[in-house]
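**Student:** whatever this is, show me its structure:
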Amino acid sequence: MGGGGEVLEPKLTDVHQHDFIKGRFLGIGKNSVMLGWLYSFFKQFYGSVTKSDYMTLRLGFIMTHCRGNPKFNFHKYMIRALEDDFKKVVGISWYLWIFVVIFLLLNVSGWHTYFWIAFIPFILLLAVGTKLEHVISQLAHEVAEKHVAIEGELVVQPSDDHFWFHRPRIVLYLIHFILFQNAFEIAFFFWIWVQYGFDSCIMGQVRYIVPRLVIGVFIQVLCSYSTLPLYAIVTQMGTSFKKAIFDEHVQVGLVGWAQKVRKKQLKAATNVSVGGKSTDGSTMGIQLGRLAGKESAPEDISPTTAAAQGHNK
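**Tutor:** Numbering: from 1, shown residues only. Just a heads-up that it's a prediction; the model follows:
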């Protein structure tokens, strides 16, 4: 994986011979949806993102969002986007605390709630990893069926349609919940151990403790090794790109400009309310002016909106 100057794969004449296509078992995926999902499930455990996957998805992103800049540093953008999303992952939301309260209320003697609840993040993590791998498979199937290539290179078409409810950001919320719940489980275990001892009734039976700890370690390893790298690249295959595509100083400039637009909008609204007429601003200015009440620019920005922003700026 490289920056803006990395060299793409050698030119090929048959798209079906490309490693991105062959590596995804195209024939199986087309003939059986079930086998396609099974392949995606097992693929997350080994070589979740290959070099051919990265190079093909990188080219698809550039041709869709940065066609005028073929040397766009996709790797640097991907890392910035992941760093922005990491702030969400390590944060704590109100709905997570509600889940904790429900867990504590259900922690009744004999129910072994602390054991069964450990399977929730485990199952969700496997589902997320499978879905992300399946998105890559869908892109491979589409480009092979359409034979879309430029000078021998495959060009995938990013789209929100490949994600749950057409929203790539749902994956981030699920990863947030998975890591929070897993961290809570491990912290809860050590807290009981320190406060009441390993043999306390709150700790529970050893046959329930050991599997829970194994699941917790497995979740952390799999998420770090496979799921997060998959998330970092696959979620860039949505219809819109993220604000990280702009440098930090550009983001600050856009937010500052949006705040000025909002002030003009409020002033214009005041003039209209007293019977005056105002011609300040435009439709784009009014839309971006609403950003003034937020801490930063929007998370996902469509190419059309970005172009308008650059033009006005």
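**Student:** and residue 57, what does it touch?
**Tutor:** When contacts are counted by Cβ atoms under 8 Å, 6 or more residues apart in numbering, residue 57 is found next to 136, 139, 156, 233-234, 236-237. Backbone N, C-alpha and C define where each C-beta goes, glycine included.
**Student:** could you dump these to a markdown table with pLDDT?
**Tutor:** Formatted as a markdown table, the entries for these read as follows, by pLDDT from 0 to 100:
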| residue | pLDDT |
| --- | --- |
| 136 | 92 |
| 139 | 89 |
| 156 | 85 |
| 233 | 91 |
| 234 | 92 |
| 236 | 90 |
| 237 | 89 |
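**Student:** same list, those, but as CSV with distance to residue 76 and secondary structure please.
**Tutor:** Formatted as CSV, the contacts of residue 57 follow (distance: Cβ to Cβ, whole Å; DSSP: H, G, I helix; E, B strand; the rest coil):
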residue, distance to residue 76, secondary structure
136, 21, helix
139, 22, helix
156, 20, coil
233, 13, helix
234, 18, helix
236, 12, helix
237, 18, helix
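**Student:** looking at it, residue 140 is touching residue 20, isn't it?
**Tutor:** Yes. With contact defined as Cβ atoms under 8 Å, residue 140 and residue 20 form a contacting pair (5.8 Å).
**Student:** do you know the pLDDT at residue 164?
**Tutor:** Each residue has a pLDDT score; the one for residue 164 is 92.
**Student:** neighbours of it, how many?
**Tutor:** By other Cβ atoms under 10 Å, the residues close to residue 164 number 14.
**Student:** do the same with residue 142
**Tutor:** Other residues close to residue 142 by other Cβ under 10 Å number 14.
**Student:** repeat for residue 138
**Tutor:** Residue 138, neighbours per other Cβ under 10 Å, totals 19.
**Student:** can you tell me the helix or strand for it?
**Tutor:** According to DSSP states H and E, residue 138 maps onto helix 119-146.
**Student:** check which helices and strands that helix sits against.
**Tutor:** helix 19-22, helix 26-31, helix 33-43, helix 51-65, helix 169-196, helix 206-222, helix 228-234 (3 or more Cβ pairs under 8 Å, 6 or more residues apart in numbering; DSSP states H and E).
**Student:** please repeat the previous calculation with a cut-off of 10 Å.
**Tutor:** In terms of contact count using 3 or more Cβ pairs under 10 Å, 6 or more residues apart in numbering; DSSP states H and E, helix 119-146 is assigned the packing partners helix 19-22, helix 26-31, helix 33-43, helix 51-65, strand 153-154, helix 169-196, helix 206-222, helix 228-234.
**Student:** picking up where we left off before, residues shared between the contacts of residue 140 and residue 20?
**Tutor:** Common neighbours of residue 140 and residue 20, using Cβ atoms under 10 Å, 6 or more residues apart in numbering, are 26, 52-53, 56, 154, 156.
**Student:** residue 83: which of the residues you listed is nearest?
**Tutor:** Residue 83 has its nearest neighbour among those in residue 53, at 21.5 Å by Cβ to Cβ.
**Student:** per-residue pLDDT, the closest one?
**Tutor:** Residue 53 is assigned a pLDDT of 88 by the prediction.
**Student:** ok now do it, which residues does it touch?
**Tutor:** Remark: with contacts taken as Cβ under 10 Å, 6+ apart, residue 53 is in contact with 19-20, 23-24, 47, 133, 136, 139-140, 230, 233-234.
**Student:** please report the distance of the closest residue to residue 56 other than its chain neighbours from residue 226.
**Tutor:** Here the nearest residue to residue 56 in space, its sequence neighbours aside, is residue 20; by Cβ to Cβ, 6 or more residues apart in numbering that works out to 4.4 Å. Applying Cβ to Cβ, to the nearest Å, the value for residue 20 to residue 226 is 18 Å.
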